[in-house]
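> Provided below are the primary sequence and the corresponding predicted coordinates.
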Amino acid sequence: MAGQAGSEKHRSERVCVGAVAGAYGVRGEVRLKSFCAEPEAIAAYGPLWSEDGTRSFDVTLGAAIAQGFAARLGGVTTRESADALRGLRLFVDRDRLPSLPDDEFYHADLIGLQVFDTGGAALGRVKAVLNHGASDLLELVTPGQKGAVLLPFTRAIVPTVDLTAGRIVADPPEGLLE
């Protein structure tokens, strides 16, 4: 069974590359959001897996639509089954993704890293990586502070990302963390 082989993979060996936004039409197509830098690349990584690794889907992209693609997922043939997948996040085995240059990172690799200032003081932990159009933002959970802090993820503000050590060194603008 294909699902069993996939469920043996540890979650960190997979990266979220998209999500199902609901049904598209009446013949089992879905509205597929791609989180890939090149959105159409999502179809080349297949199969895509559910987060728990119990289901896998071959993907065939259709027309580009608002915020994604009309797409066919293997085994999904009715509007009802397509709509039942709404909100499903889709993952790909990490070894199917292209290698990145030294100054680029997969968001999944940044989440959970500890963030320190240039003097070595702990600033917090990365909760999420957000992008609202201009550039990426690191959402930090900081000790003793209500709410999260958004740190621009630029080379000037985040000069060092050390995945091996599990830490980020940041030089936030004055007043950002007060």
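Noted; the coordinates are in hand.
> list the contacts for residue 162?
Residues near residue 162 by CB atoms under 8 Å, 6 or more residues apart in numbering: 168, 169. Where C-beta positions appear, they are placed from N, C-alpha and C, glycine not excepted.
> can you list the domains in the protein?
2-96, 107-170 (automatic domain parsing).
> want to throw those into JSON lines with distance to residue 176?
Below are the domains of the chain laid out as JSON lines (distance: least, CB to CB, whole Å):
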{"stretch": "domain 2-96", "distance to residue 176": "27"}
{"stretch": "domain 107-170", "distance to residue 176": "7"}
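> out of the ones you listed, deepest packed?
domain 2-96 (a mean of 17; mean count of other CB atoms under 10 Å).
> any idea of the mean pLDDT in that one?
Regarding domain 2-96, the rounded mean pLDDT is 85.
> same question for stretch 101-119.
85.
> what's the answer for stretch 135-149, then?
Stretch 135-149 comes out at a mean pLDDT of 83.
> now the end-to-end length of that stretch.
Criterion CA to CA, to the nearest Å; first-to-last residue distance in stretch 135-149 is 15 Å.
> now stretch 128-139
Distance between the two ends of stretch 128-139: 5 Å, counting by CA to CA.
> part of a helix, is residue 139?
No: under DSSP: H, G, I helix; E, B strand; the rest coil, residue 139 sits outside any helix and is assigned strand.
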